[in-house]
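S.K.: curious how this folds, go ahead:
(chains A and B)
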Amino acid sequence: QSALTQPASVSGSPGQSVTISCSGTSSDVGTYNLVSWYQQHPGKAPKVIIYDVTKRPSGVSNRFSGSKSGNTASLTISGLQAEDEADYYCCSYVRSSSLWVFGGGTKLTVL
Amino acid sequence: EVQLVESGGDLVQPGGSLRLSCTASGFTFDDHAMHWVRQAPGKGLEWVSGISWNSGGIGHADSVKGRFAISRDNSKNSLFLQMSSLRAEDTALYYCARDWGYDFWTGPIDYWGQGTLVTVSS
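M.R.: Model prediction:
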């Protein structure tokens, strides 16, 4: 099972919005709404920020939002802040193989 | 407060074996599926294995299938990963992680430990 495809890096200025894409297949992202997004700061454990494509856990800023179109999921971060600078990973369940797969990760730089 | 504490990471030779443990606290352990996720130095996250609340459902990544085995002991709030035939590419920080639901296919992973480092090298 191949990893989901994410851009290696994205950047934006404070206050701007950025979108990170996560490309999968009809076997994972395209069929099931079990897509989640994780934020990881250097030296820290990951933190879930979006699950089931669009849902936000309690305590996560509403500046983070998720969506999906076809085989591609997206994470949008609006009103960029310095603290958003981190690595972001998408994740999807692959029911046919009974396993989870992560994207390669995207490094977000706040200019 | 949910806490997941991993242990057992070590330096091991290629072909060797190792058993990782994770002790959970701050929540009802048998209400949740559990996972192991690893991260090689400077690399991304890779899901390794998952196990449902009652061990009735188990899954492993293709990269570890046949070599790694996940298990749990609900009476001891503990999760395990038995690793054998270790390879250099298994070198990584191994995270113990909690699933929101009962079954490992429910998702999402909502809590993570701090990880235990496994190094495979001669």
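
S.K.: B:Ser84 reaches B:Arg67, doesn't it?
M.R.: Yes - with contact defined as C-beta atoms under 8 Å, B:Ser84 reaches B:Arg67; the gap is 5.5 Å. Where you see a C-beta, it was placed from the backbone N, CA and C, and this is true even at glycine.

S.K.: quick one: pLDDT of A:Leu99?
M.R.: A:Leu99 is assigned 88 on the pLDDT scale.

S.K.: residues of chain A that sit close to chain B?
M.R.: Contacts of chain A with chain B, taken as C-beta under 8 Å from any C-beta of the partner chain, map to A:1, A:3, A:34, A:36, A:38, A:40, A:45-48, A:51-52, A:57, A:87, A:89, A:91, A:93, A:95, A:97-105.

S.K.: from chain B, how far out is A:Gly15?
M.R.: According to C-beta to the nearest C-beta, to the nearest Å, A:Gly15 stands 28 Å off from chain B.

S.K.: A:Phe64 now?
M.R.: Relative to chain B, A:Phe64 is positioned 14 Å away (C-beta to the nearest C-beta).

S.K.: identify the bridge partners of B:Phe68.
M.R.: Using DSSP bridges, the bridge partners assigned to B:Phe68 are B:Met83.

S.K.: isn't it right next to B:Gly50, touching?
M.R.: No - in this structure B:Phe68 lies outside contact range of B:Gly50 using C-beta under 8 Å: 11.6 Å.

S.K.: and these two? Which one has more around it.
M.R.: Using other C-beta atoms under 10 Å in any protein chain shown, the more surrounded residue of B:Phe68 and B:Gly50 is B:Gly50, with 28 against 21.

S.K.: what helix or strand is the more buried one on?
M.R.: Using DSSP states H and E, B:Gly50 sits within strand B:45-51.

S.K.: now the helix or strand just after that strand: mean pLDDT?
M.R.: Per DSSP H and E, strand B:45-51 leads on to strand B:58-60 as the next helix or strand towards the C-terminus. For strand B:58-60, mean pLDDT rounds to 94.

S.K.: now for strand B:58-60, which elements pack on it?
M.R.: If you count contacts as 3 or more C-beta pairs under 8 Å, 6 or more residues apart in numbering or on different chains; DSSP states H and E, strand B:58-60 packs onto strand A:99-102, strand B:45-51, strand B:68-73.
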